[in-house]
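Enquirer: Starting from these lines, generate the structure:
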Amino acid sequence: QVQLVESGGGLVQAGGSLRLSCTSSGRTFSSYILGWFRQAPGKEREFVGSINWYGYNTNYADSVRGRFTISRDNAKSTGYLEMNSLKPEDTAVYYCAVGGPMSWTTQSYDYWGQGTQVTVSS
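Expert: Down below sits the predicted model:
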């Protein structure tokens, strides 16, 4: 069993930055693909990005590519989502998840965090 806890969400003005963290319990974090998703009110959960086991390969949704960066520190069992140039449309609950293989679909991820709210004001 893997437990994930997100942190770092909050309220930020448009153009600002936030860094989300995803901390995993257990010693198997490095064996999983790490994904980030988000869900806005009234919308389906959507893929933000993912990173492979050792951080050498990343994928991003078109809507965030060039503004968001995913990284991971397996020694700390922690993943990160660095968000820059935030826009009001980035407002959502952000979730981290682990599983595999690299995928943009929620079905590929086995364990999920509880989510952290990110609100971007205009």
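Enquirer: So for the protein, the centremost residue is which one?
Expert: Trp36 (2.7 Å; CA atoms, centre = their mean).
Enquirer: What distance do you get for the residue lying closest to it once chain neighbours are set aside to Met83?
Expert: Nearest residue to Trp36 in three dimensions, chain neighbours excluded: Val48, at 4.2 Å (CB to CB, 6 or more residues apart in numbering). In this view, the C-beta of every residue, glycine as well, is placed from N, C-alpha and C. Noted for Val48: a distance of 9 Å to Met83, by CB to CB, to the nearest Å.
Enquirer: any common contacting residues for these two?
Expert: Val64, Phe68 (CB atoms under 8 Å, 6 or more residues apart in numbering).
Enquirer: re earlier: okay, now the residue nearest to Trp36: neighbour count?
Expert: 25 (other CB atoms under 10 Å).
Enquirer: What of Val93?
Expert: Val93, neighbours per other CB under 10 Å, totals 18.
Enquirer: Excluding sequence neighbours, find me the nearest residue to it.
Expert: Using CB to CB, 6+ apart, the nearest residue to Val93 is Gly115, at 4.2 Å.
Enquirer: Ok, Phe29 next?
Expert: According to CB to CB, 6+ apart, the nearest residue to Phe29 is Ser77 (4.0 Å).
Enquirer: about what we covered before: on the C-terminal side of the host helix or strand of the residue nearest to Trp36, identify the next helix or strand.
Expert: According to DSSP states H and E, Val48 maps onto strand 46-51. Where DSSP H and E defines the elements, the next helix or strand beyond strand 46-51 is strand 58-60.
Enquirer: helices and strands around that following strand, which ones?
Expert: If you count contacts as 3 or more CB pairs under 8 Å, 6 or more residues apart in numbering; DSSP states H and E, strand 58-60 packs onto strand 46-51, strand 68-73.
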